[in-house]
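[1] following is a predicted model, sequence given first.
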Amino acid sequence: MKPALNRPYAQPGRRWLLASLPLWLGACAVTTPAPEVVAASPTAWQHGQPQPSFAAHGGQTQQLLAWWQRWDDPLLVSVQASAQQASPSVAAAATRVAQARHAVVAAGAAGSPALSASAGVVRAVGLVDTAALTQASAGLQVAWEADLWGGQQAQATAADQRLQASQAQWHEARVAVAAEVARQYTQYRLCQQALRITRADAEAREAIARLTQDRARAGFESAANAALTQASAAQGRMNTTQQRAQCDAALQGLAALAAVDPATLRQQLGDTPPARYVPQAARPVPAGEVTPDALALPVRVPAQLLAQRPDVFAAQRGVAAASADVGSAEADRYPRLSLVGSLSTVATRGAGGDGQTWSIGPLQVSVPWLDGGRRASQVKVQQAAYDEAVVAYRATVRQAVREVEQALLALESTRARQTDAAVATQGFVQALQAATDRHRAGLGSLLELEDTRRSALAAELALVQLHTDRLLAWVDLYRALGGGWSAEQP
């Protein structure tokens, strides 16, 4: 079913239609998005819920941090907390929420009477031998417009929808910061592992170079072989320096994101990454260890979880707000009944007599007559804005589905390659050890050793990169699902 929201307030006097708009819009625009969008079924948004409901974090910072405790890395949680406090995007989103709340109050006040009071006393003396004149006055100034066609209620509805959208965008900003911190943190931890590999490789090259130099001096190796091992050792040192620079750059980025001192953060991170950041082929896996695949996915991804994405929720609320704007513009085309005036009393004493007067009004009726088509044009403008919001909503849903599918594809791809990469790495490492032993015994070729070394180093680094890609795919899925998931979700 196509969302039937083009003219929700088109007929004057249909107040029941205005009251039922949030439910109607939630049922039509959310549960049945564009025909080509088949992944999302955000049932949590139906029945006019006043606040967004996010399954992963519940919109709470503490729950966001608790979700990352699944990674079994307390330092990551600490860095996440610092980044949430320091993020300008989160602060800006919080400001927009405050502005939206003010707009809700202002829109609600528009339908209420505006009342102010005044009082005054005047004492004056006119001609000689004339009694003094005392005049006291009191009054109430009133301004009120009857919401005959639901225009004011439509404005209040639009403001409320935009408040909910801004709250979702605040949550989206927090999720984006958390995901970026996790990416930077993961990349640094895996960079540490790659640095350990290149450093060990450089040390092995240095040892072979020293052994070959000793043999060359004793006449058992050629000068060419000695030069080759020296070049290989230099290559190892260069690889280590380059990898260290990459790790330093990653550390600086993480420190800037979390607003912490780089030196302090380096000390906290240490030189040895936790076990989860070490590829399994490079170590035994203890029983009960938390691995990336321990973050079990619930069933029916992404259809069941896409509803909690803040951007999808905000886009849907944008459709609701735009629909209410159409109703407000339509209501502006019909007569308006307002009370703009005062209720006052004036009491006079002296100057020939006492007296008291009362006044009330005026009661005004404003009927639009000729405006050059301004009001009708404004309705068309709001209808165009509504159409734009619908297109944006559908595009947001399609993008959400795409991001989830891409993250799932990356997880499946890395899982499928994991076993082969581990076998290849173990095989090349064993071949390198055998080639090294043969060379030390004077039986193997130096060229064979160097060729095997290059293959083993490439395989180890490729395994680290594969592990990095897998962890980053989990991070991408976390963000694509609007801030994680719960394995207990149906």
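    On my side now, so go ahead.
[2] all strands of the stretch 101-250 of the chain, in order?
    114-124, 133-146 (DSSP state E, counting those that start in this stretch).
[3] how about the residue positioned nearest the centre of the chain: what's its closest non-neighbour residue?
    Per C-alpha atoms, centre = their mean, the C-alpha nearest to the average position across the chain is that of Glu172, at 2.2 Å. In space, Glu172 comes closest to Pro310 once its chain neighbours are excluded; the distance is 3.7 Å by C-beta to C-beta, 6 or more residues apart in numbering. For the C-beta atoms, the positions are set from N, CA and C on the backbone; glycine is no exception.
[4] quick check: pLDDT value at the one you found.
    Pro310 is assigned 88 on the pLDDT scale.
[5] in the protein, where is pLDDT below threshold?
    In the predicted model, the chain carries pLDDT under 70 at residues 1-60, 124-132, 280-305, 339, 350-368, 370-371, 486-490.
[6] can you give me the neighbour number for the residue nearest to Glu172?
    24 (other C-beta atoms under 10 Å).
[7] isn't it right up against Ala165?
    No - under the criterion of C-beta atoms under 8 Å, Pro310 is not in contact with Ala165, lying 9.0 Å apart.
[8] which ones are touching the residue nearest to the centre of the chain?
    93, 310-311, 314, 482 (C-beta atoms under 8 Å, 6 or more residues apart in numbering).
[9] with Arg199 instead?
    Arg199 neighbours (C-beta under 8 Å, 6+ apart): Thr240.
[10] any idea how far it lies from Gly318?
    From Arg199 across to Gly318, the span is 52 Å (C-beta to C-beta, to the nearest Å).
[11] so Leu337, which state does it fall into?
    strand (DSSP: H, G, I helix; E, B strand; the rest coil).
[12] how far away is the residue lying closest to it once chain neighbours are set aside from Glu330?
    Leaving aside its sequence neighbours, Leu337 sits nearest to Ala146 (C-beta to C-beta, 6+ apart; 4.4 Å). According to C-beta to C-beta, Ala146 and Glu330 sit 17 Å apart.
[13] which one of those two has more residues nearby?
    Glu330 (25 against 12).
[14] which helix or strand contains the more buried one?
    helix 310-331 (DSSP states H and E).
[15] in that helix, what counts as buried?
    Neighbour-count burial for helix 310-331 flags 310-331 (criterion: 16 or more other C-beta atoms under 10 Å).
[16] how about stretch 187-204?
    Counting neighbours by 16+ other C-beta under 10 Å, stretch 187-204 gives 187-199, 201-202, 204 as buried.
[17] OK, contacts around Ala424?
    Contacts of Ala424 (C-beta under 8 Å, 6+ apart): 459, 462-463.
[18] count of residues packed around Arg183?
    By the measure other C-beta under 10 Å, the count of residues near Arg183 is 19.
[19] and the strands in the stretch 301-450 of the chain?
    Using DSSP E, counting those that start in this stretch, strands in the stretch 301-450 of the chain cover 336-349, 355-366.
[20] CA atoms only: put the first one into PDB for me.
    Below are the C-alpha coordinates for strand 336-349, written out as PDB (Å, rounded to 0.1, in the frame of the first residue of the first chain):
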ATOM      1  CA  ARG A 336     -10.200  32.400  11.500                       C
ATOM      2  CA  LEU A 337     -12.100  33.300  14.700                       C
ATOM      3  CA  SER A 338     -10.000  35.200  17.300                       C
ATOM      4  CA  LEU A 339     -10.500  37.300  20.400                       C
ATOM      5  CA  VAL A 340      -8.100  40.100  20.400                       C
ATOM      6  CA  GLY A 341      -8.900  42.800  23.000                       C
ATOM      7  CA  SER A 342      -9.200  43.500  26.600                       C
ATOM      8  CA  LEU A 343     -11.500  43.400  29.600                       C
ATOM      9  CA  SER A 344     -11.100  46.500  31.700                       C
ATOM     10  CA  THR A 345     -12.600  48.700  34.400                       C
ATOM     11  CA  VAL A 346     -12.000  52.300  35.200                       C
ATOM     12  CA  ALA A 347     -13.100  54.000  38.500                       C
ATOM     13  CA  THR A 348     -13.100  57.800  38.900                       C
ATOM     14  CA  ARG A 349     -13.300  59.700  42.200                       C
END
